[in-house]
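*Asks:* Show me how the following folds:
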Amino acid sequence: MRVRNLPTTNWDISDFSLDYYGYGDVDIFINQRENVGERVISIFRLKDIEKYDDDKCFDTTFAILCNDCGIESGIQELVGLNAGQIIPVKFNGDNNPTIPLNWIEQKFWEL
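*Replies:* Numbering: from 1, shown residues only. Next comes the predicted model:
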């Protein structure tokens with residue numbers, strides 16, 4: 001299997017105009033039961049905000065993380081996943097979108 005890391009953007013919130021982007025919550029879990037994790041804010045393209053608001057959507061996309069993870073929550077598995085990282089996101093209908101667990105377990109942001 002070929003794995004490529006996702007880039008980190010040059011992070012400056014002023015670069016993201018609300019004419020083209022919107023914000024949404026994303027849940028990051030570190031286990032299959034989805035009982036340990038944290039909720040973060042992410043930037044989505046407007047076409048993905050429409051999917052975010054669709055309770056029947058189960059597509060995947062990419063977003064830009066707005067939070068540094070693992071710091072306030074103390075979840076060591078998430079340390080280093082920082083604001084500006086482009087992340088894969090799976091929409092979950094009427095539940096918050098999530099980052100795929102295998103991406104978190106493999107710590108793709110460290111590659």
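
*Asks:* Can you pull out the low-pLDDT segments for this structure?
*Replies:* 1-13 (pLDDT under 70).

*Asks:* mind checking the longest helix of it?
*Replies:* As assigned by DSSP state H, the longest helix anywhere in the chain is helix 46-52.

*Asks:* give me every residue that touches the residue positioned nearest the centre of the chain.
*Replies:* The centroid of the chain falls nearest to Ile87 when counting by Cα atoms, centre = their mean (4.7 Å). Contact analysis of Ile87 by Cβ atoms under 8 Å, 6 or more residues apart in numbering lists 6, 26, 42, 62-65, 81, 99, 103, 109. All C-beta atoms are positioned from the backbone trio N, CA, C, and that covers glycine.

*Asks:* could you dump those residues to TSV with distance to Leu18 and neighbour count?
*Replies:* Shown next, in TSV, are the contacts of Ile87 (distance: Cβ to Cβ, whole Å; neighbours: other Cβ atoms under 10 Å):
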residue	distance to Leu18	neighbour count
Leu6	23	14
Val26	18	23
Ser42	14	25
Phe62	18	13
Ala63	15	24
Ile64	14	22
Leu65	18	25
Leu81	25	24
Ile99	23	24
Trp103	27	18
Trp109	26	19
